[in-house]
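Novice: Provide a 3D model corresponding to the input given below.
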Amino acid sequence: MPKHIFVTGGVASSLGKGLTASSLGRLLKLRGLRVTLQKLDPYINVDPGTMNPFEHGEVFVTDDGGETDLDLGHYERFTDETLTRNSNATTGSIYQSVLAAERRGDYLGKTVQVIPHITDEIKRRIQRVATDEVDVVITEVGGTVGDIEILPFLEAIRQFRKEAGRDNVCYVHVTLVPYIGPSGEQKTKPTQHSVTELRSRGIQPDLIVCRSEEPLSDDLKVKISNLCDVDSRAVVNAADAANIYELPLILHGEGLDDVVCEVLRLDPDDHPLDLAPWEQVVGLVEAATEPVRIGLIGKYVQLVDAYLSVVESLKHAGFHHGAKVEIDWIQAEDVEGLLAAGRLADLDGMVIPGGFGARGIEGKIAAARYAREERVPCLGLCLGLQCMTIEFARNVLGLTDANSTEFDATTPHPVIDLMHDQRDVTDKGGTMRLGAYYAVLTPNTKVAEAYGEMVVSERHRHRFEFNSNYRARLEAAGFLCSGASPDRRLVEFIELADHPYWVATQAHPEFKSRPERPHPLFRELIGAALKHRSERGRLAGDVAPRRVGPAA
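Specialist: Okay, here's the model as predicted:
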């Protein structure tokens, strides 16, 4: 039977429960254990797919088409495990299942209540990922202890230990130790109150992970231990780190995984730790010092979490080349004015990421034109491919009114459109292409050379597609469709043969990038951006030529 670790949080949101769970998952995996992770979210939406990115950050998509919380991206990047839609459950989806069961008569006419029906469904969701192929399940409970909407989840995980056995469940509570400037002290009272609130719900934490700006003293750890009734070794300090990929090493240094193994009766002799693979990752991060400036042309740049996986993918690619990626956050609506001011001239490369809706589209198209004409390396993702296609059709083919029917239903040149067999579907959700799809690449293209293979799988989240009725005209003008679905109906990749790197995909490759294994398209973007930076420097006479790292 798999062991279970439940990660809760207190005092404030955004303390890093997801990163703590991810880091612990990696440490246990480095011990040879088979690990999976799960997020329980207390909001009533069935999933985050309909949320505005300003509300909840990016929507992370799994191979099987689940629209999930962004923390699953952290889980996958740290543990290098492919998760499924079962790794994310919300209050909305849980109530939906319970109400559907009630309508079918599954409860035989009984009164349906939070306890036991909702809590039983929560426990079923936890058990659903606890397969025979897993040794440890790490479940993060979203929200903050004390929130009213989190109560059914706390009750469910309280019951879970009673049913699974004390040695099979470990509770980890993440809390805050703030620094109060005027008094010059770190304060433990918020942690004390948070643990008291958790204990009032019947859960005594086995470990407390204390977030702080600066390291905690041993005296403060002893104080927290005494007042919160945990062993002093189980008070783990996660002080602010230079980069998130140091966190597993920091938490191991604090003894997190050692104490977890003791609580779960996992013999360390049976599961010796090999930190070397992750130390190599951190070494790559620390060695990445060559600056490279990438413009991110986005619609939601006020909330950087809206592009979390894109940002991490750029960093991963930088690690590969020994480069430190500096992101220039550019609001798409402002691009045309910035172009006039010469604001984009300092970019070494750019990314045009995904999104929905007409706002900012003309700015993305203008950025794509600038990158094409000025030979600036550019990677388009999902909506980015569509904007780059529109730009080429307008400014190279001369189809000045070319557009997507998402933005202009009456455009005479719908170079981006719904697939023909979807136009009469009234439920737009039914036209969404979600999850992993295969693509066949065109030989001798930049995309094929980047991947190093001819058949690839990438995750999708979009509704509109490249209109293949325009493919012949576009390709005759130098626009290359460098990858398509196996049946050749859907264009998946585009590029320009005579451009250093003007490449786009209808997919979201950012979801599959890893710190030790950057995604090929991002890796090649950063390589091209470094070369572009070097060439600009030579022209200006102030930057020495630099050899770009290997492609593989």
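
Novice: my read is His4 is in a strand, agree?
Specialist: Yes. Counting by DSSP: H, G, I helix; E, B strand; the rest coil, His4 is found in a strand.

Novice: Mind listing the residues bridging to it?
Specialist: Counting by DSSP bridges, His4 is bridged to Val137, Val169.

Novice: One more: the one 4 residues further on?
Specialist: Thr8 has the following beta-bridge partners by DSSP bridges: His173.

Novice: and the gap between it and Glu155?
Specialist: 12 Å (C-beta to C-beta, to the nearest Å). To be clear about C-beta, it is placed using only N, CA and C from the backbone, and glycine gets the same treatment.

Novice: show me the contacts for Cys382.
Specialist: Contacts for Cys382 (C-beta atoms under 8 Å, 6 or more residues apart in numbering) come out as Pro353, Gly354, Gly355, His460, Arg461, His462, Thr505, Gln506, Ala507, His508.

Novice: what residue of this protein is the furthest out?
Specialist: Residue farthest from the centre of the chain, counting by C-alpha atoms, centre = their mean, is Gly109 at 42.4 Å.

Novice: In this structure Asp305 contacts Asp69, no?
Specialist: No. Asp305 lies out of contact with Asp69 (C-beta atoms under 8 Å); the separation is 10.8 Å.

Novice: Which of these two has more residues huddled nearby?
Specialist: Between Asp305 and Asp69, counting by other C-beta atoms under 10 Å, Asp69 is the more crowded of the two (27 against 15).

Novice: Would you agree that one is in contact with Pro48?
Specialist: Yes. The pair Asp69 and Pro48 passes the contact test of C-beta under 8 Å, sitting 6.0 Å apart.

Novice: centroid residue for this protein?
Specialist: In the chain, the residue lying closest to the centroid (C-alpha atoms, centre = their mean) is Gly73, at 3.3 Å.

Novice: Is that residue located within a helix, as I assumed?
Specialist: Yes. The assignment for Gly73, made by three-state DSSP, places it in a helix.

Novice: Check what pLDDT the residue farthest from the centre of the chain gets.
Specialist: For Gly109, the pLDDT comes out at 89.

Novice: now Val301
Specialist: Confidence for Val301, expressed as pLDDT, is 91.

Novice: Show the backbone phi and psi for Val141.
Specialist: Here is the backbone geometry of Val141 (degrees, to the nearest 10): phi -100, psi 110.

Novice: right, and it touches Gly18 too?
Specialist: No. If you go by C-beta under 8 Å, Val141 and Gly18 don't touch, sitting 11.0 Å apart.

Novice: In contact with the residue nearest to the centre of the chain, which residues?
Specialist: Taking C-beta under 8 Å, 6+ apart, we find Gly73 in contact with Glu58, Phe60, Leu308, Ser309, Glu312, Phe511.

Novice: now, which of those residues lie within helices?
Specialist: Here DSSP state H is the test, and the contacts of Gly73 give Leu308, Ser309, Glu312 as lying in helices.

Novice: Out of the residues you listed, the closest to Tyr470 would be?
Specialist: Ser309 (30.0 Å; C-beta to C-beta).
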